[in-house]
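>>> got a predicted model here, sequence first, then my questions.
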Amino acid sequence: MTASCGGRGFWQQRADVVVIGTGVAGLVSALAAHRRGRKVVVLSKIGDTATFYAQGGIAVVLPDTEDSIEAHVADTLAAGAGLCDPDAVRSIVADGYRAVAELVDDGARFDEAAPGQWALTREGGHSRRRIIHAGGDATGAEVQRALDHAAARLDIRRHHVALELLHDGGSVTGVLVRNGDGLGIVHAPSVVLATGGLGHLYAATTNPEGSTGDGVALAAWAGLPVSDLEFIQFHPTMLFDGHASGRRPLITEAVRGEGAVLIDAQGNSVTEGIHPMGDLAPRDVVAAAIDARMQATGDPCVYLDARRIDGFARRFPTVTAACRAAGIDPTRQPIPVVPGAHYSCGGVVTDVHGRTEMAGLFTAGEVARTGMHGANRLASNSLLEGLVVGGRAGKAAAAHAVNSAPGRATMPEPAVRLALPRADLQRAMTRYASVVRDGEGLQLLTTELDSATPRALRSRADFEDVALTTTAAAVAAAALARTESRGCHHRSDFPDTDPAQAFSAPRVREAHSLMPAAACC
Ligand SMILES: Cc1cc2nc3c(=O)[nH]c(=O)nc-3n(C[C@H](O)[C@H](O)[C@H](O)COP(=O)(O)OP(=O)(O)OC[C@H]3O[C@@H](n4cnc5c(N)ncnc54)[C@H](O)[C@@H]3O)c2cc1C
């Protein structure tokens, strides 16, 4: 179906549920809605997802083991540094085994220690071995393979970029999209936002190229609150191969779980005396220790010594391949590593069923802030959250669609949005909002973001630059407002945790990201 706006045509589609994203959260929610008989349209701007690259595994409490829901909850709350919502954590952790079993029904296969018994590994901050994995360190590839296969019969539209959430002020009505044919609207009473993370706010990241903070920006433009965005997790061990930009390979934390140690160029331990869990301390602690050591020595990286691990190449084939591609043999030499932008603990304010403040709009996965991660995500808790909340969001979206009138969206008034050139934005974020920040730097970052200029949305890159700029402004504002250090937010000018700031601070959209209309469509 086509229509026109100011003399220019645009295409239109109808669905009960539109899902934006084809990672774990998007596909699990799409499958849940589809299995409830709803007409589902799934949008994806590119083929790549963060889900595919997940290495270490999925944290899950298996029944009839020494592990317990309470222990997993306690570890998650400890990592979250006082900002997790304990009820949300308990709800998601307790539903983990059921969600993983559903994924197995959809065809996922995990590594076994013995026939019928999953192999369990350990990662930073976990008091038990509770991480299931696949293909050694290729868990995400297996999760994505299984979900892609299960969702093969769904209506999946790739190279469709969601540009705006359409709503009537109270309820969502559809999504404004650009594809190869130009602009279009998918009308729907339910929309699930599952757009993943924002690692490309920074020059170097473990995230795939599509992780440009689109979901946070879309929600902010729709007037929805976002929260906890100052808590960006830097993975302690991103491979340092001399290249400092774009997606860089990750060295999974499970390598340390199996006995590798972090050392500096002189062979001294990086984490000794820092935390009782040493190299397996929560990620924020290890990343800050590495950052401090690099500052002290002036070296561009530290090293992960995995030479003592037996059968390294078999257990970690993905890491081995990445190291070899960089000319490093991890069985013979320590692996050079630096902290890298990895995961957004915050996002769009959402309950544990994916519900947001806007009727019909649901979010799940990395873009959502459910209260699961607080100030710092516990390793391997994000695939878990994507599975559990993705499934619940799909069910809730399906139920909402049944009880609502069909979505009738109208072509929005065109908004010219502001963008900084991507390289400038990434340079400023990397310099002023990385592992350790301070007020002066964050002010300079804000000033730079304020110099953003209007950008016509002619391409996916234009849209992503605008989304990155809006999201960076939200991160900068949150980081500036939190005058303490907590979880992954380290302020050198406020090095202590302030008990009076043990709360999340949801904020509504940053005003400077919108400009008056200038041109139609
Ligand atoms: C290298 C790496 C290793 C990791 N290892 C682990 C691990 O071992 N365990 C763990 O629990 N977590 C791990 N994580 C984190 C975890 O993989 C992610 O948080 C999770 O997969 C995110 O899933 P998602 O469905 O929210 O988003 P993604 O999987 O990133 O999918 C996002 C989707 O949204 C689409 N999209 C985005 N914007 C738009 C738009 N504007 N229009 C249309 N489509 C859009 C993208 O095309 C994509 O399809 C790792 C992450 C990385 C990068």
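Happy to help now that I have it.

>>> for the closest residue to residue 316 other than its chain neighbours, which three-state class applies?
Closest residue in space to residue 316, ignoring its immediate chain neighbours: residue 137 at 4.6 Å, by C-beta to C-beta, 6 or more residues apart in numbering. Bear in mind the C-beta positions are built from the backbone N, C-alpha and C, glycine included. Reducing the assignment to helix, strand or coil with DSSP: H, G, I helix; E, B strand; the rest coil, the entry for residue 137 is coil.

>>> from what I can see residue 137 touches residue 253, true?
No: applying C-beta atoms under 8 Å as the test, residue 137 and residue 253 come out as separate, 10.2 Å apart.

>>> burial measure for the residue nearest to residue 316, as a count.
Under the neighbour criterion other C-beta atoms under 10 Å, residue 137 is assigned a count of 27.

>>> so who does it touch?
Contact partners of residue 137, counting by C-beta atoms under 8 Å, 6 or more residues apart in numbering, are 55, 56, 252, 254, 315, 316, 317, 318, 319.

>>> buried ones only from these, please, as a ChimeraX command.
One line in ChimeraX is enough to select the buried ones among the contacts of residue 137; burial here means 16 or more other C-beta atoms under 10 Å:
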select :55,56,252,254,315,316,318,319
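
>>> just put the contacts of residue 137 in TSV and tack on secondary structure, distance to the ligand and pLDDT.
Supplementary listing: the contacts of residue 137 in TSV, determined by DSSP: H, G, I helix; E, B strand; the rest coil; distance: C-beta to the nearest ligand atom, whole Å; pLDDT from 0 to 100:
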residue	secondary structure	distance to the ligand	pLDDT
55	coil	5	91
56	coil	3	90
252	coil	6	91
254	helix	8	87
315	helix	14	92
316	coil	12	94
317	helix	14	94
318	helix	9	93
319	helix	11	95
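
>>> pull the most distant pair out of the contacts of residue 137.
56 and 317 (13.5 Å; C-beta to C-beta).

>>> kindly report the residues of the stretch 201-350 of the chain close to the ligand.
206, 207, 210, 211, 214, 250, 343 (C-beta under 6 Å from any ligand atom).

>>> and for the first one, the neighbour number?
As a burial measure, residue 206 scores 24 neighbours (other C-beta under 10 Å).

>>> now do the fourth one
One way to gauge burial is a neighbour count; for residue 211, by other C-beta under 10 Å, it gives 28.

>>> tell me the contacts of it?
With contact set as C-beta under 8 Å, 6+ apart, residue 211 has these partners: 50, 196, 197, 198, 199, 200, 205.

>>> any idea what residue 118 is bridged to?
residue 112 (DSSP bridges).

>>> what about it, how many residues nearby?
By other C-beta under 10 Å, neighbour count at residue 118 equals 19.

>>> for it, give its distance to residue 140.
Relative to residue 140, residue 118 is positioned 17 Å away (criterion: C-beta to C-beta, to the nearest Å).

>>> and for residue 421?
Between residue 421 and residue 140 the distance, using C-beta to C-beta, works out to 31 Å.

>>> could you do residue 263 as well?
In this structure, residue 263 lies at 28 Å from residue 140, with C-beta to C-beta as the measure.

>>> what about those two, which has more around it?
A count of neighbours by other C-beta under 10 Å puts residue 140 above the other of residue 263 and residue 140, at 25 against 19.

>>> after the biggest strand by length in the chain, next one along is what?
Of all segments of type strand in the chain, defined using DSSP state E, the longest is strand 335-344. Secondary structure here is assigned by DSSP states H and E; on that basis, the next helix or strand after strand 335-344 toward the C-terminus is strand 347-349.

>>> and the closest residue to residue 303 other than its chain neighbours, what's its pLDDT?
The spatially closest residue to residue 303, leaving aside those adjacent along the chain, is residue 334, at 3.5 Å (C-beta to C-beta, 6+ apart). Per-residue confidence at residue 334 stands at 97 (pLDDT).

>>> and for residue 334, the neighbour number?
When neighbours are counted by other C-beta under 10 Å, residue 334 registers 21.

>>> go on, the one 10 residues further on?
As a burial measure, residue 344 scores 31 neighbours (other C-beta under 10 Å).

>>> per-residue confidence for the residue in the stretch 301-450 of the chain that the ligand sits nearest to?
Nearest to the ligand, among the residues of the stretch 301-450 of the chain, is residue 365, at 2.3 Å (C-beta to the nearest ligand atom). Per-residue confidence (pLDDT) for residue 365: 98.

>>> which residue is the nearest non-sequential neighbour of it?
Once flanking residues are discounted, residue 365 sits nearest to residue 25: 2.7 Å by C-beta to C-beta, 6+ apart.
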